[in-house]
Structure formats: structure tokens, C-alpha cells
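Chemist: prediction below, plus the sequence it came from.
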Amino acid sequence: MGRARTVAGGGRAVEVEPERVAGWYDRFAARHGGVAGTVREPSSVLVTAVDGATATCAVPFGPLASTGSFDGLAVEALVEHLHAPRRIGLLLVRLGGHSVGVARDGVVEASRTDRRLVHGRSAAGGWSQHRFARRREGQARVALRAAADDAAEVLVPRLSELDAVVLGGDQRALEGLRADSRLGRLFALAEPRVLDVPEPRRTVLDDAARRARCVEIVVRDP
């Protein structure tokens, strides 16, 4: 069973592995009385069921080459696109920890993981709170610098080999890394989707390498 989450505006997003995508759409069709039509665009695929339910996915590693409007279920081009072999850069970062790596077809080939101490927020008030906040900010800067250094050393030299970069972790930490001029080309290759991951460790990176191959399908009932 793939990961699922609630999405804004109603509905749920389900992570589906490439090997399971065709079967997932078959089961979607069976649950909703069949499929009325499929619209394939370069960046998205919309499948509309007979009862009005929809299944929409943003095409990862796009664009999708074969597009158009079709009667019934027509996701063969999407399945073929998802199965293409790819080498992907991974950058996972949370405040105090990061993991970077290169994966091919879901298997990590090279990686580096590090943790740095960043204290949590203090409940104290007055000058003690200000001193604690300054120390925490300093620790956060050191942690982000370490993440940027590892990304620059592990990923940037191999950018020409990568089909894409997949990000994960905390948005604020990632935005902090975007300010590093060494990583501009890396972020230019990044997919729009950001993986929700726990504190980065090597096992988390291995899981992210597998998840990076998945497509996220948003299902909305009629």
C-alpha cells in the first residue's frame, strides 16, 4: 500500500510505484463503474470515471511525449514514461540533519549523511531566551552550511549525469540552501514535488530513493 495524504480542496494523494501504476488505474476503474475518458498533457494526466470521480497526476521527470484526449482508460504512455531508467540526485534536509545521494532506478549509488546539533526552542523569557535564540540561529547556520557543502561535493560534480533532482525534508531549510550560489544548477533540476521525510539518515535516503520513482495520484470522489 502506497503512502496517502489528504490534499487541499478535498481528496487524497496516493504514492504509487511505477510497477503498480497500471493495476492501480484498473482498480480505480473497477471501483467507479469504468472510465469515461483520459486527458494526457505534457505535465499531467487526468482520468475521469463514469461516476465523475477523477484521478489526476503531475507527470514526474516530464514532459510526457504522447498527449491527447482519449475515450476510456489510456495510461499506457504514462506507464512507459515512469519505467524509463533514470539517475536521480537526492537532497534531504531538516534543521540539524541532512542526507544527499545519487540513485539509479531506486538504488543509492553514492551518498553522504551528517547530523549537527541544533537545540529546540526555549520556553524561558527575557535575556536568557534571546541568548538561547542567538545560539540556536548560529547552530542552524552551521548545519545548513554543512548540508550545502555536502550537496556541492556529492551532487554538483555529477549534475551532467542526473535526469532530475528530488528534494525532501523541511521547506525552510531547503529555502536556506537555495541561497547558496554553488547550488543554483542543482535546484534548477529539482522536481516540484518535495518528499515529506523524517530526520534524514541513510535508511531514510534509501527509502527516498525508492519513493522518488513513484508518481503521486490525486483522487477526488464525485
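Modeler: Perfect, I can see it now. Numbering: from 1, shown residues only.

Chemist: paired strands for the helix or strand hosting L167, with orientation please.
Modeler: For L167, the element it lies in under DSSP states H and E is strand 164-169. Note on strand 164-169: by DSSP bridges, its sheet partners are strand 87-94 (parallel), strand 190-195 (parallel).

Chemist: just put these in TSV and tack on mean neighbour count, distance to P60 and mean pLDDT.
Modeler: All C-beta spots, glycine's among them, are computed from the backbone N, C-alpha and C. Below are those laid out as TSV (neighbours: other C-beta atoms under 10 Å; distance: least, C-beta to C-beta, whole Å; pLDDT from 0 to 100):
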stretch	mean neighbour count	distance to P60	mean pLDDT
strand 87-94	25	10	96
strand 190-195	16	6	96
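
Chemist: and V79, how many neighbours does it have?
Modeler: 15 (other C-beta atoms under 10 Å).

Chemist: that one reaches E19, doesn't it?
Modeler: No: with contacts counted by C-beta atoms under 8 Å, V79 stays clear of E19, the gap being 9.3 Å.

Chemist: just the buried residues of stretch 144-155, please?
Modeler: 144, 146-152, 154-155 (16 or more other C-beta atoms under 10 Å).

Chemist: and of those residues, the nearest to P60?
Modeler: L155 (18.3 Å; C-beta to C-beta).

Chemist: isn't that closest one up against L91?
Modeler: Yes: under the criterion of C-beta under 8 Å, L155 makes contact with L91 at 6.7 Å.

Chemist: where do the contact lists of those two overlap?
Modeler: Contact criterion C-beta atoms under 8 Å, 6 or more residues apart in numbering; residues bridging L155 and L91 by contacting each: 100, 165, 186.

Chemist: and the last one, that's in a strand?
Modeler: No: when classified by DSSP: H, G, I helix; E, B strand; the rest coil, L186 is found to be helix rather than part of a strand.

Chemist: OK, contacts around it?
Modeler: 89, 91, 151, 155-156, 159, 165.

Chemist: what do you get for the first one?
Modeler: The contact partners of V100, taken as C-beta under 8 Å, 6+ apart, are 89-92, 111-113, 147, 150-151, 154-155, 205.

Chemist: doesn't it belong to a helix?
Modeler: No: with three-state DSSP as the criterion, V100 is located in strand rather than a helix.

Chemist: show me where this structure has its strands.
Modeler: Assigned by DSSP state E, the strands in the chain fall at 4-6, 12-16, 35-40, 44-49, 54-58, 68-71, 87-94, 97-104, 107-115, 164-169, 190-195, 215-220.

Chemist: who wins for proximity to A209 among the ones you listed?
Modeler: Nearest of the strands of the chain to A209, taken as C-beta to C-beta: strand 97-104 at 3.7 Å.

Chemist: give me the angle between that closest one and strand 164-169.
Modeler: Angle of strand 97-104 versus strand 164-169, following axes from the mean of the first three to the mean of the last three C-alpha atoms, to 10 degrees, is 150 degrees.
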